[in-house]
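S.K.: how would this look folded up:
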Amino acid sequence: MGKTLVIAEKPSVGQDLARVLPGPFQKHTGSSGERTARWLEGPEHIITWAVGHLVQLAEPDEYDDKFKKWRMADLPIVPAKFKLIVRDERSQKQMSVVKKLLNSAEVDLVVNACDAGREGELIFRYLYEHAKAKKPTKRLWLSSMTNQAMKDALANLRDGEEMEQLADAARSRSEADWIVGMNATRAATIRLRSSFDGAVSLGRVQTPTLAIIARREEEIRAFVPEKYWLVDAKFATDDGRRYEGRFHEGAKPRIPDADTAKAIVDAVRDGRGTITKLEKTKRTEKAPLLYDLTSLQRDANTRFGFSARRTLGAAQRCYEEHKVLTYPRTSSRYLTSDMIGELKEIAEKVGSGAEYATAARYVMGLDVLPLGRIVNDEKVGDHHAIIPTNSPHNVAKLDGDDLKIYDMVVRRYLAAFHPEAEFENTRIETTVAERVFRTRGKVLIVPGWRGVYGEMPEGERSAEQEDEGRDQTLPKLVKGEEAGVTHVESLEKETKPPRRYTDASLLGAMETAGKLVDDEEAREAMKESGIGTPATRAAIIERLIDVGYVERDARSLVATEKGLNVIRLLGDHQLTSPSLTGDWEHRLERIESGEETRKAFMADIAKFAGATVGELDTKLKDVKIPRADLGPCPVCGQHIIENRKGFSCWSREDPGCGFVIWKGKAGKQLPAAVARELIATGRTARPVTGFKGRSGRSFRAKLALMQNEEGRWRVEFDEPWAKEGAKPPETDEAEVQANAEAAANAAAAAARPADDAAA
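M.R.: Now for the predicted structure:
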């Protein structure tokens, strides 16, 4: 009997599988003198790996040489059959090994052990097809990397035929992104060559995501602040009990003008008021749902400022290396009924850590676990929610990001079995000279699930919530009693523009196709129509940054001038619509479930690509982005005009004096506003955001326009560290390390690609 070939997605997974399969296993390299192991061989199994996306869709010019030139007449490009290629030399070496093993006479069965999901299926199908393999296949489906979970999965391999619908959805996603991204990018780039330096990258998922960020930026720029006033008073009862209140007229605390606010202050100063309303109500708060990847990324961004990619990296390490969390790339927040028997065992395992012992003991002591909001077979697709594993947890081995993400998941898991938290809300109205001041108090009576967390960080508060004031810890007060005004003042405020998106809020918008939804259950109902998938959303955000459409400013995501101009030029084109791409994602889910055919979906994608090319051709023909005039040159006095690569006083008609400010600096394109300030004052008053250090981490810095020894003008960083020849300050060592590791291990880690075809 021949051997079974097991193909994992990464070397680390292959090595883990070797631990539970009958051994011993011997390492093999592809050629003499090579140190990198290419496969492992045991008495019954051969294990190798894909190292991520070994095989990819070919570029247009590999179908026909004419596509090497970008011409509108050749669009749309829709291959009748897609070609597969292996791009780089490292991938070529590994693919030659995989191909040899797939076609070996010694192998009679192939097991697909790539990640259990749509993209893992695609990785295997592409390399299997490229190798022209004919061997029968089985599917290994892992949600946990513990030894027992791997043994159980190996004992229950699925037939390859069972995965055909998943494979159809995977191919459809990949080909749709190629067709839409390639054609839209070429059409836009051809028409906008005179306005943009380089390709105008468009795509099925990245463009509607950019539109969400860009439209928010336009709202912020168009916002005109308006002043308003609040009036706050401090009260004291005759026996010294103190509290505070804020003036309200009807339901609104905002006062439109200073004179009215002053009149209220004058009317109540040193006055006495009466507590005319005192209401106490009890409110319960359910435990939050378990984590899927998107909700985990959102919480980690809110609490720690982690980017979506950084959270995914930590969660993946906790799954693959530490074996303490289940598969992270999941869209479900529920568990399946067949897991009920192991839920207490998991609580016992995590309870070995002192910080979780009390909460775990509570769960262990329950006769019947509350499962109504946790277990739902219908809401679990490829994978259940992210939870701790039932293997021994050596938390001492975890540190940095990994420990923070592990802690979040463990507390969320234990909290799910705890009762509701109960609050007592107090609402008081104190009337002084017929003016009403409102006071709010909130007391946690029964900690319930909140006791698992201790002090929980508050989420963002809206402007309206801020105006209402914060909850106070109140003394015992009685309706009808009097209180004197000990202090009163008016506060001048100003309306604020909408907040820029963070990773957390953008992930939320992508999950609900741009709709504003905060309620957890409501969000769950909209998931199938979201933009992208949990596994790819982080890559989409990073893609927008990489192509220069978006910059990070601390936690905020800011659309650049290039990103804004792309969305302005596209206008209301369907490609910018979050709901359209959300509908496509929903259709991919239907292909996966067998409710829709791949053929129908791809036919619609081809039609859309053709229509998009036509619309972009018409819409962008002869369009030119107005070039900024920055005023007189500080050297020769001629006007400095913006061009594709910089700002200078030279033109075709007049070479000027050669003065130029180049746009590109440290991974950022300097906007006209920054160049104008540099020319006018020689330096920027405030730090400019969006620069990238060698570690890949963003930083901000002031700039100065300086002359070198040869008399040439240059833009330099106007910071002490730059003058000393040092690197930009790296304030977050964990992120620096994470980025360095990601760069060094890019091929081996094989992070999921963005849902868009690379332009």
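
S.K.: gap between the two ends of stretch 548-557?
M.R.: 12 Å (C-alpha to C-alpha, to the nearest Å).

S.K.: contacts for that stretch?
M.R.: Outside of stretch 548-557, the residues within contact range by C-beta atoms under 8 Å, 6 or more residues apart in numbering are 201, 210, 213, 301, 305, 307, 499-503, 506, 541, 544-545, 558-560, 562-563, 566, 668-669, 689-690, 698, 700. All C-beta atoms are positioned from the backbone trio N, CA, C, and that covers glycine.

S.K.: roughly how far does Met150 sit from Leu157?
M.R.: Met150 sits 12 Å away from Leu157, going by C-beta to C-beta, to the nearest Å.

S.K.: do Asp299 as well
M.R.: Asp299 is 35 Å from Leu157, by C-beta to C-beta.

S.K.: who's more crowded, the two?
M.R.: Taking neighbours as other C-beta atoms under 10 Å, Asp299 and Leu157 compare with Asp299 leading, 21 against 17.

S.K.: that one is in what secondary structure piece?
M.R.: Element membership of Asp299, judged by DSSP states H and E, is helix 293-304.

S.K.: elements contacting the following helix or strand past that helix?
M.R.: Once helix 293-304 ends, the next helix or strand along the chain (criterion: DSSP H and E) is helix 308-320. The helices and strands touching helix 308-320, judged by 3 or more C-beta pairs under 8 Å, 6 or more residues apart in numbering; DSSP states H and E, are helix 11-20, helix 293-304, helix 400-415, helix 537-546, helix 733-744.

S.K.: export helix 308-320 as CSV, just CAs?
M.R.: The C-alpha trace of helix 308-320 is given here as CSV (Å, rounded to 0.1, in the frame of the first residue of the first chain):
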residue,chain,number,x,y,z
ALA,A,308,-6.4,44.8,12.5
ARG,A,309,-3.3,43.1,11.1
ARG,A,310,-1.5,43.1,14.4
THR,A,311,-4.4,41.5,16.2
LEU,A,312,-4.7,38.8,13.5
GLY,A,313,-1.0,38.1,13.8
ALA,A,314,-1.3,37.6,17.6
ALA,A,315,-4.4,35.5,17.4
GLN,A,316,-2.8,33.3,14.7
ARG,A,317,0.3,32.7,16.9
CYS,A,318,-2.0,31.8,19.8
TYR,A,319,-3.6,29.3,17.5
GLU,A,320,-0.6,27.8,15.6
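
S.K.: report the angle between it and helix 400-415.
M.R.: Interaxial angle of helix 308-320 relative to helix 400-415 (axes from the mean of the first three to the mean of the last three C-alpha atoms, to 10 degrees): 70 degrees.

S.K.: check contacts around the residue of the chain positioned farthest from its centre.
M.R.: Of all residues in the chain, Asp238 has its C-alpha farthest from the mean position, at 54.5 Å, by C-alpha atoms, centre = their mean. By C-beta under 8 Å, 6+ apart, the contact list for Asp238 reads Glu482, Gly484.

S.K.: mind naming the longest helix for the protein?
M.R.: Identified as the longest helix of the chain according to DSSP state H is helix 164-191.

S.K.: who does that helix touch, helix- and strand-wise?
M.R.: strand 56-57, helix 118-130, helix 578-593, helix 598-620.

S.K.: can you name every helix or strand that the third one contacts?
M.R.: Applying 3+ C-beta pairs under 8 Å, 6+ apart, one finds that helix 578-593 contacts helix 164-191, helix 206-222, helix 598-620.

S.K.: closest to Arg427 out of the helices and strands packed on helix 164-191?
M.R.: Nearest to Arg427 among the helices and strands packed on helix 164-191 is helix 578-593 (38.4 Å), distances taken as C-beta to C-beta.

S.K.: just how off-centre is the closest one within its chain?
M.R.: 19 Å (C-alpha atoms, centre = their mean, to the nearest Å).

S.K.: what do you get for stretch 544-564?
M.R.: Centroid displacement of stretch 544-564 relative to its chain, using C-alpha atoms, centre = their mean, is 14 Å.

S.K.: try stretch 323-337
M.R.: Mean-position distance between stretch 323-337 and its chain equals 18 Å (C-alpha atoms, centre = their mean).

S.K.: what does stretch 589-601 give?
M.R.: That offset, for stretch 589-601, works out to 27 Å (C-alpha atoms, centre = their mean).

S.K.: cool, and stretch 538-558?
M.R.: Centroid displacement of stretch 538-558 relative to its chain, using C-alpha atoms, centre = their mean, is 10 Å.

S.K.: what's the burial count for Tyr501?
M.R.: 24.

S.K.: go ahead and confirm it touches Arg216.
M.R.: Yes. Assessed by C-beta atoms under 8 Å, Tyr501 is found in contact with Arg216 at 6.0 Å.

S.K.: for Leu703, which non-adjacent residue is closest in space?
M.R.: Thr684 (4.8 Å; C-beta to C-beta, 6 or more residues apart in numbering).

S.K.: I'd like the distance between the one you found and Gln465.
M.R.: Distance, Thr684 to Gln465, by C-beta to C-beta: 34 Å.

S.K.: these two - which one has more neighbours?
M.R.: Remark: of Thr684 and Gln465, Thr684 carries more neighbours, 19 against 10, as counted by other C-beta under 10 Å.

S.K.: give the contact list for that one.
M.R.: So Thr684 contacts Val674, Glu677, Leu678, Lys702, Leu703, Ala704, Asp718 (C-beta under 8 Å, 6+ apart).

S.K.: re the thing from before, tell me how far the residue farthest from the centre of the chain lies from Gly484.
M.R.: For Asp238 relative to Gly484 (C-beta to C-beta), the value is 8 Å.

S.K.: that's all I had, so thanks and see you.
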